[in-house]
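Asker: Curious how this folds, go ahead:
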Amino acid sequence: MSEVGNFLTDPALKRVRMRLFTCVVVVFTLVCSGSFGMEDVVSSSGPGFTILMIVLLPFIWSVPMAFLASELGSAIPEEGGFGRWVRHGLGEYWGFQSSWWWTLSLYVDSSVYIVLAITYIQSKWGFSDHWRWLFGIALVAFFTFINIRGLDLTGKALIVVQAVVMVPFVIFVVWAFAKSGANPVSPFLPKGEGIVSASNLGLAVMMWMYSGYESMSTVAAEVENPQRVIPRSIMIAVPIVIATYALTTMAGIRAAGPGNWLNMVSDASEGGVDFVKAAELAGGAILMWLMLASAIASNLGLYTGYLATGSRPSYQLSRDRLYPKFMGRAHKRWGTPWIAIITMGVVDAILVKGSFDTLIVIDVFLLMFSYIPIFIAGIYLRVKRPDMPRPFRVPIPTWLLAVWVCFPIAIAIYALFTNGSDYLVGGLVGVVSGPIAYLIFKRVYRGVADDAVEGSIGMPAVSADQRRAHFATWRTLASAFAIVAGALAIAIAFYLHGGHSGNFGAGWRIPGVIQLTHRDLWAIGGNWKLLGVTVSPQRLLAAMGLVMIVGGLVVQTSRWLGGVLIAAACAFPLCLLYTHPDFSHVHYRWHNVELWSVPIVLAVLGAVFAGLALKAEIEPVGREELGVPAPAPVEAQPAVVSGV
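Answerer: Here you go, the predicted model:
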C-alpha cells in the first residue's frame, strides 16, 4: 500500500496514480487555463499597470499561498485539504469556516466558467437567453458525470483540454509580436485615473486569476504519494502561470491596436475586443476560430477541475460530522463523492444565469475570508508544531514567512472595501452564514473529536477544561470586536452628520479626502420608514453601534444574549441598507473606502467570533464511539526545500 494509505480511512474512495506532468496540468488548469477574463483588467486598469500587476502581484499574493500550500499539503495530505490544515492549527470552528467560505466561493466560481463558455458560443452563433441557460445546464450535467467517473478520467481530460487551450495561444503570441501593433505597456493608467481608483475591478479580477494553488489539496487522499507530487507540481506551475498571463496579455494589447485597449472586454458579444477578436485582428479567421475553441475549452476545463476540487470540502465536513451525512457518501463503483459533486452541479446550473462581473467580485470576497485562516494556520503550525514532518518546507525562517504572508492578508483586507456596496453586502451575508451553519450542524451532528478525525498524522485530544478555556478566549475577542465596531459606528455616524449640518463633528471634515457623490446621505434619510418612524442612515449607524457595544459587554456573561445582539446589529443594517432604493447611488468615501462599510465589516467579524463564543459545549463523538483505533505514526521525512 502507498504511504497515502496511512491517511486514507474511507475505503470507498478510490486512489489514483497521477504522474507529475498530469498534476502540473491540473494545477495549471485550476489557476490559469489561459488568460480569458484578463481583458477587463486591461480596460479598467490600463495596459502598463495591468502588466505590472501580472508580474508583481503574484509575489505578494499567490506565491505565498503556493509555497504555504506546498508545505502544509506535504505535512497534512488529507482529504479536504486546507480545511484540515486550518483545523490542525486553529481548531474545528475555524476549519469549518474556511471550508464553508471556500466552498461557497467555489459554487460561484465554477458557475462563472460555464457563463464564460456559453458567452463565447452565444457571441458567434447567437441564441436566446432561454436557450443559453438550457445549454449551460446541459454542460453542467455532462461534466458532472465526468467528475463522478473519477479523478483519473478528469486528469486525462484536462491534458487534452489544455492542448486545445494553449496551442492557439502560442500561435497568437508569436503572430501578434511578429506584426506591428500597439505598445503593450502604454499608457500606464487610464486617463484621469490614479493607481487606487484603477485597481478596483482590476485587482479583484487579478486576485481571482491568481487564486487556486490551494485547490489541489482537497483531493490529496485520492492521489498516490501526494506529499511529493502535489508540492512539486505547484512549484513548477507558478512560473508557467506568470509567463502565460504576461505574454498573452501583452499580445492581446498589441493585436487590439493603438488605443483599442479601452475597448477590451471579456464579453465582446455587444462590441469590444476580447482575445477571440484580437486573434482575428492578428491572424484572420483561422486563428479566430482556433482562439474561440481555446476560450471554450479553457472555461470548460476550469469548470471540470473546480467541480472536482470544490466538492471535496463538503464531503469531508460530512465525514467529520459537521455537514449532512448523505454528503459523505462515495460511489460504490467509481470511488468518488458523487452526492457532493451532484449537489455542486445543481447549484451551478442555477447560478449560470448570473453576470460575470457580479459573480467574480462576490466570489473573490468569499475567497478572501477563506484564505486568511489558511495563512494564519500555516504560521501557527510552524510555531506550535515545529517537529511536524514536512517533506516540503518553505526555505525561509518562520519570522520571515510570517512577514511574507502579511502582504496577501493586507491585500485581502483592502479588497474587502473597494468593490462597491452591492458586492460588500452580498459577500458579508455569505460570511455570516458560516457561523450560523456551524452552530446548526454542531448542534445536530456533534462533530468528531480532534483525535478521532479521519487521517493518521493525529491531532492531540482536547479536554473539556481546555475547550472551556478556548471558548472564554474567543468570547473575549468577540467582545473586543463588538465594542470597537460599535464605537467606530457611532463615531462615523456623528462624523457623517456633522459633515452635512455643521453640528457635532463638523471640525473632523478633511477637504479633498471625504467626498460626497450623487446625493446627500442625510437628505435620503427621510425616505426610510421603520415602523412609521423616519430613520436616517446616520441614526441607523449610531443605533447599530450602541447595540454592538451592549452585545459586546453582555456576551461575557450571557453568550447567547450577547451573540444575538451582535448578530442583530450586524444583520439589521445590512438588510435595510441593501433593500433601500437609493442605496446604490450613495457613496461617502475616505480615499477609496466607503465609510459605512468599515463598522459593518467589523460587525461581521464580531459576529464570526460570537459564533465561536456561542459554540455549544457539546461533547464531540470520540474514538470509542466511532470504534477508531489509535493513529499509526508517520515517519519523519527529509525536507525538500526546492520542491522540484
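
Asker: Just give the number of residues close to Val196.
Answerer: Look at Val196: counted by other C-beta atoms under 10 Å, it has 13 neighbours. Placement of C-beta: from N, CA and C, glycine included.

Asker: okay, it: pLDDT?
Answerer: What the model reports for Val196 is a pLDDT of 74.

Asker: And the one 3 residues further on, by the same measure?
Answerer: Note on Ser199: pLDDT of 76.

Asker: burial count for it?
Answerer: 22.

Asker: Could you do the one 3 residues further on as well?
Answerer: Counted by other C-beta under 10 Å, the residues lying close to Gly202 total 20.

Asker: mind listing what it touches?
Answerer: Contact analysis of Gly202 by C-beta atoms under 8 Å, 6 or more residues apart in numbering lists 40-41, 44-45, 49-50, 53.

Asker: redo that, cut-off 7 Å
Answerer: 41, 44-45, 50, 53 (C-beta atoms under 7 Å, 6 or more residues apart in numbering).

Asker: ditto for Gly81
Answerer: Counting by C-beta under 7 Å, 6+ apart, the residues that Gly81 touches are 73, 214, 217-218, 220.

Asker: Leaving out chain neighbours, which residue sits closest to the residue most central in space within the chain?
Answerer: The centroid of the chain falls nearest to Leu367 when counting by C-alpha atoms, centre = their mean (1.6 Å). Spatially, and ignoring its direct neighbours in sequence, Leu367 is nearest to Ser105 (4.5 Å; C-beta to C-beta, 6 or more residues apart in numbering).

Asker: My guess is the one you found contacts Asp363. True?
Answerer: Yes. Contact criterion C-beta atoms under 7 Å: Ser105 and Asp363 qualify, at 5.3 Å.

Asker: Could you list the low-pLDDT ranges of the stretch 251-400 of the chain?
Answerer: Applying pLDDT under 70 to the stretch 251-400 of the chain picks out residues 354-362, 364.

Asker: Quick one: name whatever helix or strand follows the longest helix seen in the chain.
Answerer: Assignment by DSSP state H gives helix 275-319 as the longest helix of the chain. Sequence-wise, the next helix or strand downstream of helix 275-319 (DSSP states H and E) is helix 338-351.

Asker: Residues in contact with that next one: which ones?
Answerer: 107-108, 110-111, 114, 137, 140-141, 144, 147-148, 307, 310-311, 314-315, 326-327, 329, 331.

Asker: Can you verify my assumption that Val185 contacts Pro47?
Answerer: Yes. Counting by C-beta under 7 Å, Pro47 is a contact partner of Val185 at 5.6 Å.

Asker: Which one of those two is surrounded by more residues?
Answerer: Pro47 (28 against 15).

Asker: From Gly181, how far off is that one?
Answerer: Distance from Pro47 to Gly181, counting by C-beta to C-beta, to the nearest Å: 12 Å.

Asker: ok, now which ones touch Ser110?
Answerer: 303, 306-307, 310, 344, 348.

Asker: In which helix or strand does it reside?
Answerer: helix 92-125.

Asker: what do you get for Ala12?
Answerer: Ala12 belongs to no helix or strand, assigned by DSSP H and E.

Asker: Leu351 versus that one, what's the distance?
Answerer: 29 Å.

Asker: what about these two, which has more around it?
Answerer: Neighbour tally, Ala12 and Leu351, criterion other C-beta under 10 Å: the higher count belongs to Leu351, 19 against 13.

Asker: how close does the more buried one sit to Val140?
Answerer: Leu351 is 10 Å from Val140, by C-beta to C-beta.

Asker: and the helix or strand that contains Phe21, how far from the chain's centre?
Answerer: Using DSSP H and E, Phe21 maps to helix 20-31. Remark: helix 20-31 is offset 19 Å from the chain centroid, using C-alpha atoms, centre = their mean, to the nearest Å.

Asker: taking the mean pLDDT, what do you get for it?
Answerer: 94.

Asker: on contacts alone, who are the packing partners of that helix?
Answerer: Contacts defined by 3 or more C-beta pairs under 7 Å, 6 or more residues apart in numbering; DSSP states H and E place helix 20-31 against helix 151-178, helix 226-256, helix 275-319.

Asker: change it to 10 Å
Answerer: Other helices and strands packing on helix 20-31, by 3 or more C-beta pairs under 10 Å, 6 or more residues apart in numbering; DSSP states H and E, are helix 62-75, helix 151-178, helix 226-256, helix 275-319.

Asker: which one of those lies closest to Met388?
Answerer: helix 62-75 (5.3 Å; C-beta to C-beta).

Asker: Ranking by neighbours, what's the top pick from the contacts of Gly202?
Answerer: Thr50 (32 neighbours).

Asker: Now do the same contact list for that residue.
Answerer: 38-44, 184-185, 188-189, 198, 202, 205-206, 245-246, 249-250, 253, 261, 264 (C-beta atoms under 10 Å, 6 or more residues apart in numbering).

Asker: How about Lys332?
Answerer: Here Lys332 is in contact with 12, 338 (criterion: C-beta under 10 Å, 6+ apart).

Asker: And it, how far from Val346?
Answerer: Taken as C-beta to C-beta, the span from Lys332 to Val346 is 21 Å.

Asker: before we move on, what about Arg87?
Answerer: Distance from Arg87 to Val346, by C-beta to C-beta: 27 Å.

Asker: Please apply the same query to Ala569.
Answerer: With C-beta to C-beta as the criterion, Ala569 and Val346 are 34 Å apart.

Asker: Between these two, which has more neighbouring residues?
Answerer: For Ala569 versus Val346, neighbours defined as other C-beta under 10 Å are more numerous around Ala569 (29 against 15).

Asker: Distance of the more buried one relative to Leu477?
Answerer: 17 Å.

Asker: pLDDT averaged over stretch 42-50, what's the number?
Answerer: Here the average pLDDT along stretch 42-50 is 89.

Asker: ok, back up a step: quick check: buried residues in the helix holding Phe21?
Answerer: 22-31 (16 or more other C-beta atoms under 10 Å).

Asker: Which other helices and strands does the following helix or strand past that helix contact?
Answerer: Scanning forward in sequence from helix 20-31 by DSSP H and E, the next helix or strand is helix 39-45. Packing contacts for helix 39-45, counted by 3+ C-beta pairs under 10 Å, 6+ apart, involve helix 47-60, helix 195-198, helix 200-209, helix 226-256, helix 275-319, helix 356-384.

Asker: what comes up buried for the fourth one?
Answerer: Using 16+ other C-beta under 10 Å as the burial criterion, the residues of helix 226-256 that qualify are 226-238, 241-242, 244-256.

Asker: low-confidence ranges in the stretch 401-550 of the chain?
Answerer: For the stretch 401-550 of the chain (pLDDT under 70), the answer is 416-426, 455-471, 495-539.

Asker: shouldn't Lys353 be in contact with Phe135?
Answerer: No. Lys353 sits out of contact with Phe135 when judged by C-beta atoms under 10 Å, with a separation of 11.9 Å.

Asker: So if I had to pick from those two, which one is more boxed in?
Answerer: Phe135 (17 against 12).

Asker: Got the confidence number for the more buried one?
Answerer: Reported pLDDT for Phe135: 87.

Asker: For it, which non-adjacent residue is spatially closest?
Answerer: Ile118 (5.6 Å).

Asker: ok, now Tyr306?
Answerer: Ser110 (4.4 Å).

Asker: Just the local confidence number for the one you found, please.
Answerer: 84.

Asker: Begin at 362, not 1, for the rest of this chat.
Answerer: All set: I'll call the first residue 362, so the last point we hit is now Ser471.

Asker: May I see the buried residues of stretch 543-554?
Answerer: Neighbour count says stretch 543-554 has 543, 545, 549-551, 554 buried, by 16+ other C-beta under 10 Å.

Asker: picking that back up, please report how far the residue nearest to Tyr667 lies from Ile702.
Answerer: 11 Å.

Asker: Could you do Gly450 as well?
Answerer: Relative to Ile702, and taking C-beta to C-beta, Gly450 is found at 28 Å.

Asker: likewise Ala607?
Answerer: Taking C-beta to C-beta, one finds Ala607 at 34 Å from Ile702.

Asker: If anything else comes up later, I'll come back, but that's it for now.
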